[in-house]
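# I need the structure of the sequence given here:
(2 chains)
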There are 2 protein chains.
Amino acid sequence: MFKEKLSEIIERTDGALAAVIMGTDGIEVEKVLRPEGRELNLDVAAATFTSLVRSAQVIGREINLGQERELLVAFDHVTICARLLSRDYFVMLAVAPDGNLGRGRFELRKAELELAHEFAL
Amino acid sequence: MFKEKLSEIIERTDGALAAVIMGTDGIEVEKVLRPEGRELNLDVAAATFTSLVRSAQVIGREINLGQERELLVAFDHVTICARLLSRDYFVMLAVAPDGNLGRGRFELRKAELELAHEFAL
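Model prediction:
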């Protein structure tokens, strides 16, 4: 079911390269990679991206900005967007620079609404 | 001139709370804070946010994703968006959750085009 959801996000988002559900402990729950995503080593990126998500959670707590909801980083070759499903899990989407980032963010938001209860452990 | 630019970004963005130009070494170049931004300790947030910007730069280099262009984190009480002016400097905008984030990103992008040459040291 998670794999179907990730494939759906990728299919609906122009320029999507990879979609991953990750634990904030750096362990992957499920992933779907397009061949271009594999070439860009986006499975490695997902693991390292986890440390960013965690650092932002700490900042939110320390300065009382509240829970982290979303983290987005745009690089020259790819934009990576993560949406928190709970404190311990997030869904991540990688989009090509000329892809439809706005649609991607919308699909992640929908995924959060649909999946959050599964990850509220 | 930097202060005028930051004030302009804040005035044009509904819900903007603070705008700061920071060095990636954590030292502030210029800032404009609305009173609500001061209450949220956004000057402290700017300093700690720098470490996130730097970590993302390292990820971009290590996995060959290219230069970091933008970093955005949405928390419950504020969304913080940073746009790199060069490898060593970035402009950051904090927007209330019900603010106009899209307009804010647009203003940061314009600021990048206008200011980048000043920070290409």
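
# Using PDB, write out every CA atom in the lowest-mean-pLDDT helix or strand in chain A.
Least confident helix or strand, chain A: helix A:35-39 with a mean of 86, by mean pLDDT, DSSP states H and E. Extracted as PDB, the C-alpha positions of helix A:35-39 are listed here (Å, rounded to 0.1, in the frame of the first residue of the first chain):
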ATOM      1  CA  PRO A  35      16.000   5.400 -13.300                       C
ATOM      2  CA  GLU A  36      17.100   9.100 -13.300                       C
ATOM      3  CA  GLY A  37      16.600   9.100  -9.500                       C
ATOM      4  CA  ARG A  38      18.900   6.100  -9.200                       C
ATOM      5  CA  GLU A  39      21.600   7.900 -11.300                       C
END
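
# is any part of that helix close to chain B?
No - looking at helix A:35-39 against chain B by C-beta under 8 Å from any C-beta of the partner chain, there are no contacts, and the closest approach is 10.3 Å. Placement of C-beta: from N, CA and C, glycine included.

# and the helix or strand that comes right after that helix, what does it pack onto?
Read in the C-terminal direction, the helix or strand following helix A:35-39 is helix A:42-62, with elements assigned using DSSP states H and E. If you count contacts as 3 or more C-beta pairs under 8 Å, 6 or more residues apart in numbering or on different chains; DSSP states H and E, helix A:42-62 packs onto strand A:16-23, strand A:28-33, strand A:68-75, strand A:79-84, strand A:89-95, helix B:42-62, strand B:68-75.

# quick one, which of the ones you listed is nearest to residue A:62?
Across the helices and strands packed on helix A:42-62, residue A:62 has its closest neighbour in helix B:42-62 (7.1 Å, C-beta to C-beta).

# before we move on, the earlier item: please list the residues outside the least confident helix or strand of chain A that contact it.
Taking contacts as C-beta atoms under 8 Å, 6 or more residues apart in numbering or on different chains, the residues outside helix A:35-39 that touch it are A:17, A:18, A:94, A:96.

# For chain B, state which of these is nearest.
Looking at the contacts of helix A:35-39 and their distance to chain B, the nearest is residue A:94, at 9.2 Å (C-beta to the nearest C-beta).

# Get me the contact residues on chain A for chain B.
Counting by C-beta under 8 Å from any C-beta, chain A comes close to chain B at A:40-41, A:44-45, A:48-49, A:51-52, A:55-56, A:59-60, A:62-79.

# Low-confidence ranges, chain A, go.
Within chain A, no stretch falls below the threshold (pLDDT under 70).

# still on that earlier bit, tell me how far the least confident helix or strand of chain A lies from the chain's centre.
Relative to its chain's centre, helix A:35-39 lies at 16 Å (C-alpha atoms, centre = their mean, to the nearest Å).

# Quick check: buried residues in it?
Along helix A:35-39, these residues count as buried under the neighbour rule (16 or more other C-beta atoms under 10 Å in any protein chain shown): residue A:37.
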